[in-house]
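**Q** What follows is a predicted protein model with its sequence.
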Amino acid sequence: MTLTIELTPEMERRVRRTAQSRGRTVQEYVLDVLGSQPEPPPPSEHEATAALFQEWAEEEEALTPEEAAREDEEWRQIEHNLKANRLSLPVPEV
């Protein structure tokens, strides 16, 4: 992967000086610095769920009115079928 970042002139001088003082190229030094960073912790179950809901919200916002109407109708049909099937199931005795 190629990554381009804009550094201030002072930051560029610092990176170059530090790399040179360690006998490394700028690329080697930056890769060393990035590679020494700890892995971020895996997302918690809550964060993963929140991210999924956010993704769904963004997908829904991108729907055209026709697509949204079609999805609403599909959900109404699913709800109808669930209710119909539930009424046909035997009720367990308690």
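**A** Thanks, I have it. Note that the structure is a prediction, hence the values are computed from the model and not measured.
**Q** which residues in the chain form helices?
**A** 9-21, 26-35, 45-61, 65-88 (DSSP state H).
**Q** right, so of those helices, which gets closest to residue 94?
**A** helix 65-88 (17.2 Å; CB to CB). To be clear about C-beta, it is placed using only N, CA and C from the backbone, and glycine gets the same treatment.
**Q** Check which helices and strands that closest one sits against.
**A** Using 3 or more CB pairs under 8 Å, 6 or more residues apart in numbering; DSSP states H and E as the contact test, no helix or strand touches helix 65-88.
**Q** okay, it in PDB with CA atoms only?
**A** Output of helix 65-88 as PDB, limited to C-alpha atoms (Å, rounded to 0.1, in the frame of the first residue of the first chain):
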ATOM      1  CA  PRO A  65     -38.200   5.900  -2.300                       C
ATOM      2  CA  GLU A  66     -39.100   3.000  -4.600                       C
ATOM      3  CA  GLU A  67     -36.600   0.700  -2.900                       C
ATOM      4  CA  ALA A  68     -37.700   1.800   0.500                       C
ATOM      5  CA  ALA A  69     -41.300   1.100  -0.300                       C
ATOM      6  CA  ARG A  70     -40.400  -2.300  -1.700                       C
ATOM      7  CA  GLU A  71     -38.500  -3.200   1.500                       C
ATOM      8  CA  ASP A  72     -41.300  -2.000   3.700                       C
ATOM      9  CA  GLU A  73     -43.700  -4.300   1.700                       C
ATOM     10  CA  GLU A  74     -41.300  -7.200   2.100                       C
ATOM     11  CA  TRP A  75     -41.200  -6.700   5.900                       C
ATOM     12  CA  ARG A  76     -45.000  -6.500   6.000                       C
ATOM     13  CA  GLN A  77     -45.200  -9.800   4.200                       C
ATOM     14  CA  ILE A  78     -42.700 -11.400   6.500                       C
ATOM     15  CA  GLU A  79     -44.700 -10.200   9.500                       C
ATOM     16  CA  HIS A  80     -47.900 -11.400   8.000                       C
ATOM     17  CA  ASN A  81     -46.400 -14.900   7.400                       C
ATOM     18  CA  LEU A  82     -44.900 -15.100  10.900                       C
ATOM     19  CA  LYS A  83     -48.300 -14.300  12.400                       C
ATOM     20  CA  ALA A  84     -50.100 -16.800  10.200                       C
ATOM     21  CA  ASN A  85     -47.600 -19.600  11.000                       C
ATOM     22  CA  ARG A  86     -47.700 -18.800  14.700                       C
ATOM     23  CA  LEU A  87     -51.500 -19.300  14.700                       C
ATOM     24  CA  SER A  88     -51.200 -22.700  13.000                       C
END
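**Q** All good on my end, thank you.
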